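Peer 1: this one's sequence-less:
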């Protein structure tokens, strides 16, 4: 390489100088060579003589470069060959800058390819001694670079994890000042802008004061007491009501205490738990209501049956006629109440049919308008191609009637009521909010009003029997309880959405089916003579009911065989099987139920006619069809006329 002028020699070194000249200078040149400790530590020495445009390296430097003793790097071209191509320009430019600035200390990191073609990192540290001399040391920092690269990689991975983790994280110093927050916390608390939290005292934030974190944090700082608790309902920075699970702990570092607080949004969890508790409460109330209604119906059967029996056998001019008539009417009112209890507890007997909600609503439109009066505007929005459902049409009519009456009472000054139907699919995203719902296709019936609405604490109890917000004497509190029971017994779901002064919406979801609709007309009761001469086996464990029913039947000319239980009835039937025309049996009895009795008899005697009676029909018996194809049903309480008509229809089939 041609010898450069002195100006250029400050930036580029010509390494063509004869090696012998270097050897002549040997001892003088290396008068500042590092000690033996430097050799052991693998710290190489280098010197650049700018005036003579020569560069020298010691044996340790050569070892670092993985060069043989005979190899030298006297020429700039030789250095260019071992410096990683992408680093050459940067290294040259930095040397220029250090020379121009006459830097007393500088450091340059760059990559090289050693003799084995391996990539390694070198650190050159040096200083400009004067205008002609630059000296320094060299060390291999390959492992150190790898270590820091691994640290950076891990830090990036941890940063990604913290960024994506769904748990909110706050870092707080020992003075309670927030130093960092992850994305999950920003999202949970809806903080905008995100950095507005930094350098803010945690005890000054209203949501944390509401949650009680300020008290727990004080104990964490002063006594190192970790905390782990669920907050009451609080408002985040968007005024959304949420529940938080908060955990706090100390995170120590060098000469400093820091604290980490973890936040989980458990709002959905708490709401689902509340839904589950509410369902359990309603289920428990239903069990109680069903049991009370069953026992009460047995009593009413005696009262109503005896009063109707007496009224049929005395004239209106009898002194006791009016009193007996009042007893009969009171029993009918009590019967209505027990039927509502049975509907709520899902223990009533349904007669489901395939029906179309749109057709049923159109059929009842005139009735709805009469119920609402002139001050309430009725709007009906029915989607075409509405799917069918399988439900008891009378019960569905009662559901809509009860909801409409409820809506009317919520709009004393008038308003608007909307009835809407449409096909919906409840998928996995919906079920996440309502885990008790089975996924699938449903028909939705929505009834909305513009009334005064309700508070949340009222909507959580709205379906409980005898719970009412109406004035004393203006409501029994059974209307919505009945609605709830009918919907649930029809394998459906009902939800209420309401806010004060914003109206109320009830949404009902019934399973959609593909079967064709059935006629909604109700069969006429036979006008045939109630008198009869057939033999009837009466089975009931309640003595009063059994005696009264037997008397009713005998009065109409029937022969009655009475039994207090199923075991006794089996013996009677074996003895008189050829003459028994019908078995009238209670459903729920100790030891052996009515359906079990009939199943035993039918295994030997086909064709026996059966009529079941009960104060309630257990949901399992009804749902799974244990009454059998031969079984008819009459609900207690019943009058003498109702019982005899039902028996006469069965016998005349």
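Peer 2: The structure has been received and is ready for your questions. Keep in mind the model is a prediction, meaning the values are calculated, not measured.

Peer 1: got the domain boundaries for the protein?
Peer 2: 6-146, 165-265, 276-344, 353-511, 535-652 (automatic domain parsing).

Peer 1: so which of the ones you listed is nearest residue 153?
Peer 2: Checking those against residue 153 by CB to CB gives domain 6-146 as the closest, at 10.2 Å. C-beta coordinates here come from the backbone N, C-alpha and C atoms, glycine included.

Peer 1: name the SS class of residue 248, please.
Peer 2: strand (DSSP: H, G, I helix; E, B strand; the rest coil).

Peer 1: would you list the domains of the chain in a markdown table and tack on mean pLDDT and distance to residue 153?
Peer 2: As requested, these are exported to a markdown table (pLDDT from 0 to 100; distance: least, CB to CB, whole Å):
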| stretch | mean pLDDT | distance to residue 153 |
| --- | --- | --- |
| domain 6-146 | 71 | 10 |
| domain 165-265 | 78 | 18 |
| domain 276-344 | 71 | 45 |
| domain 353-511 | 83 | 36 |
| domain 535-652 | 81 | 61 |
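
Peer 1: kindly reformat the ones you listed as CSV containing mean neighbour count.
Peer 2: As requested, these are arranged in CSV below (neighbours: other CB atoms under 10 Å):
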stretch, mean neighbour count
domain 6-146, 15
domain 165-265, 15
domain 276-344, 17
domain 353-511, 17
domain 535-652, 18
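
Peer 1: the stretch 51-200 of the chain: helices as residue ranges?
Peer 2: With DSSP state H, counting those that start in this stretch as the criterion, the stretch 51-200 of the chain has helices at 59-64, 76-82, 85-101, 142-164, 183-189.

Peer 1: export these to TSV and tack on distance to residue 204?
Peer 2: Shown next, in TSV, are the helices of the stretch 51-200 of the chain (distance: least, CB to CB, whole Å):
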stretch	distance to residue 204
helix 59-64	57
helix 76-82	60
helix 85-101	49
helix 142-164	25
helix 183-189	14
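
Peer 1: so for residue 121, which of these sits nearest?
Peer 2: Nearest of the helices of the stretch 51-200 of the chain (CB to CB): helix 142-164, 4.6 Å.

Peer 1: returning to what we had before: residue 221: which of the helices of the stretch 51-200 of the chain is closest?
Peer 2: Using CB to CB, these put helix 183-189 closest to residue 221, at 19.8 Å.

Peer 1: next structured bit after that closest one?
Peer 2: helix 206-211 (DSSP states H and E).

Peer 1: next structured bit after that next one?
Peer 2: helix 213-223.

Peer 1: which secondary structure elements does that next one sit against?
Peer 2: Helix 213-223 makes packing contacts with strand 227-230, strand 244-253, strand 256-265 when contacts are defined by 3 or more CB pairs under 8 Å, 6 or more residues apart in numbering; DSSP states H and E.

Peer 1: mind running it again at 7 Å?
Peer 2: Secondary-structure packing of helix 213-223 (3 or more CB pairs under 7 Å, 6 or more residues apart in numbering; DSSP states H and E): strand 244-253.

Peer 1: what does the strand it packs on rub up against?
Peer 2: 211, 213, 216-217, 220, 224, 226-231, 234, 257-266 (CB atoms under 7 Å, 6 or more residues apart in numbering).
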